[in-house]
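>>> okay, predicted coordinates and the sequence, questions at the end:
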Amino acid sequence: MTILLFLAPFSVGLGLMAVAAFWWTLKAGQYEDPAGDAARILLDDPEDRPAA
């Protein structure tokens, strides 16, 4: 039963770290243009082609 005294605060701390990481990605602009990122992968970039 004493393991709950360790696991409960640990799980709350882990959840708070996950929320902080999500908040950091929001502030860094990671989710600004998901449609543009999805379309950009389909573009044929000449720099990505192997040299002939």
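Looks like it came in fine.

>>> okay, and for this structure, where does confidence drop off?
46, 48-52 (pLDDT under 70).

>>> nearest the middle, which residue of it would you pick?
In the chain, the C-alpha nearest the mean C-alpha coordinate belongs to residue 25, at 6.4 Å (CA atoms, centre = their mean).

>>> I figured that residue hits residue 18, correct?
No. Applying CB atoms under 8 Å as the test, residue 25 and residue 18 come out as separate, 11.0 Å apart. To be clear about C-beta, it is placed using only N, CA and C from the backbone, and glycine gets the same treatment.

>>> what's the closest non-adjacent residue to the residue nearest to the centre of the chain?
residue 31 (7.1 Å; CB to CB, 6 or more residues apart in numbering).

>>> tell me the secondary structure at that neighbour.
Judged by DSSP: H, G, I helix; E, B strand; the rest coil, the three-state class of residue 31 is coil.

>>> what's the first helix or strand after the longest helix along the chain?
Counting by DSSP state H, the longest helix found in the chain is helix 3-28. Next along the chain after helix 3-28, taking DSSP states H and E as the criterion, comes helix 34-40.

>>> elements contacting that next one?
Helices and strands touching helix 34-40, by 3 or more CB pairs under 8 Å, 6 or more residues apart in numbering; DSSP states H and E: there are none.

>>> pull the distance from that helix to the chain's centre.
16 Å (CA atoms, centre = their mean, to the nearest Å).

>>> ok, residue 45 to residue 1 distance?
Separation of residue 45 from residue 1 (CB to CB, to the nearest Å) stands at 60 Å.

>>> higher neighbour count, these two?
More crowded of residue 45 and residue 1, by other CB atoms under 10 Å: residue 45, with 7 against 4.

>>> residue 29 and residue 37, how far apart?
Distance from residue 29 to residue 37, by CB to CB: 12 Å.

>>> neighbour count: the two, which is higher?
More crowded of residue 29 and residue 37, by other CB under 10 Å: residue 37, with 11 against 8.
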